[in-house]
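Q: Sequence plus predicted model, see below.
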Amino acid sequence: MSRIGKKPIEIPAGVEVKLDGTTITVKGPKGTLTRELHPNITVEIEGSTINVSRPNDNKENRSLHGLTRTLISNMVTGVNETFKKELEVNGVGYRCEVKGQVLTLKIGYSHDVVMTAPEGITVEVPNPNKVVISGPDKQKVGQFAANVREKRPPEPYKGKGIKYVDEHIRRKEGKAGKGGK
């Protein structure tokens, strides 16, 4: 039995969960999320808890059991309190700014890199070297943060580039210099 899959999901106050066949809708103070579930997995709402179960121990059903429970749990958490990713821009002259949903990055290219945030995601720039991406959908927040980081990943020699705030960049030593003859 899946240790994650058999844990019940607590529904906090202010969050409403509706199950319509294989579609689950979670509505809360931070937004509404909808997801289509796999037909093999059974989801039951009992009072203020959600239980996820599987019909048998086939490999596919075992995989889907824990996954489905985690996806639903992330939906409940996301509509109650948003998910957040923080990125740091390191480098001389590197900076970022946001206007509405458009993030503009000046990261050492001959042109500015302009990215538009997906719907439901908010982008903030508290200072020119920091980007905060937040929203109720964990997958969208993580994917957009990864897309921003991908534009200039941190390099190991000087540490320049875009990195997550909690990420550690393994630094390399440069050239050893000329050997004497």
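A: Yes, it's here. Numbers count the residues shown, from 1 in each chain.

Q: and for the helix or strand where residue 123 lies, what are the contacting residues?
A: In this assignment (DSSP states H and E), residue 123 forms part of strand 122-127. With contact meaning C-beta atoms under 8 Å, 6 or more residues apart in numbering, strand 122-127 is reached by 96-98, 101, 103, 117, 131-135. Bear in mind the C-beta positions are built from the backbone N, C-alpha and C, glycine included.

Q: Flag every buried residue along that strand.
A: Within strand 122-127, the residues scored as buried using 16 or more other C-beta atoms under 10 Å are 123, 125.

Q: follow-up on the earlier one: could you tell me which of the contacts of strand 122-127 belong to strands?
A: 96-98, 103, 131-135 (DSSP state E).

Q: residues contacting residue 113?
A: Residue 113 neighbours (C-beta under 8 Å, 6+ apart): 104-107, 151-152.

Q: about what we covered before: just the buried ones among the contacts of strand 122-127, please.
A: If we count by 16+ other C-beta under 10 Å, the contacts of strand 122-127 have these buried: 96, 98, 103, 117, 131-135.

Q: Throw those residues into a markdown table and include pLDDT, thanks.
A: Compiled in a markdown table, these are given as follows (pLDDT from 0 to 100):
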| residue | pLDDT |
| --- | --- |
| 96 | 95 |
| 98 | 96 |
| 103 | 96 |
| 117 | 95 |
| 131 | 96 |
| 132 | 97 |
| 133 | 97 |
| 134 | 96 |
| 135 | 95 |
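
Q: Thanks a lot, catch you later.
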